Structure formats: structure tokens, C-alpha cells
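> fold the following and give me the result.
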Amino acid sequence: METKDQQEQDNSEIGKEPDKMNPEDLPKYIQPFTHLFNKKKFEKLPERREWDHEINLMEEAPRELNAKAYMMTLKEEEALNQ
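A predicted model of the protein is given here:
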């Protein structure tokens with residue numbers, strides 16, 4: 001039998017958003033890979049490698065493309081074009 005405090009805690013967690021920083025709140029299929037998302041590993045860039053290379057764009061290449069990555073509603077598109 002649960003105490004009143006336990007019931008209140010259970011009820012408060014029902015609509016609670018999962019904490020993305022807590023590995024236990026991540027989907028089960030992602031949990032084995034949490035070590036890849038360690039914040040300390042993102043503090044610096046990886047060492048340079050022999051296959052790193054510069055991407056040189058052509059002078060006549062447009063600076064930006066008028067392209068959408070996904071479909072938007074008419075309302076979203078109007079807001080974007082303002």
C-alpha cells in the first residue's frame with residue numbers, strides 16, 4: 001500500500017517532461033550510446049587528421065539557396081517570408 005506522499009509523487013511525475021540529461025529518461029534504444037554524448041567530449045574539436053580538407057566553393061556559387069528542408073504550413077511560410 002502506497003503512502004499519500006508516494007501517490008502524490010507518482011501523480012506529479014505522470015505529466016512531467018523527461019529529463020534529456022538523465023540517461024534513464026532516454027528511450028531504451030539510445031541508452032547504450034549515452035557515452036557518445038558526454039559534454040566533456042564536446043569541449044574541444046577532435047585532432048586534425050590526414051583526410052581533413054578544405055571545401056573551396058566556386059566564385060559564382062550563390063551565397064544562399066532559396067530552398068526549404070521540409071514542408072511548412074501556409075502560416076509558417078508567411079511568417080518566414082516577412
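> measure residue 74 to residue 45 for me?
To residue 45, residue 74 is 41 Å away according to C-beta to C-beta, to the nearest Å. No exception for glycine: its C-beta is placed from N, CA and C like everyone else's.
> pLDDT wise, what is residue 46 at?
Residue 46 carries a pLDDT value of 79.
> who's in contact with it?
Listed by C-beta atoms under 8 Å, 6 or more residues apart in numbering, the contact set of residue 46 is empty.
> relative to residue 81, how far out is it?
39 Å.
> same deal with residue 40?
On the measure of C-beta to C-beta, residue 40 and residue 81 end up 42 Å apart.
> repeat for residue 53
Look at residue 53 and residue 81: by C-beta to C-beta, they are 37 Å apart.
> try residue 60
26 Å.
> same deal with residue 72?
Residue 72 is 10 Å from residue 81, by C-beta to C-beta.
> neighbour count winner among those two?
Neighbour totals were compared for residue 72 and residue 81, and residue 72 leads with 12 against 6 (other C-beta atoms under 10 Å).
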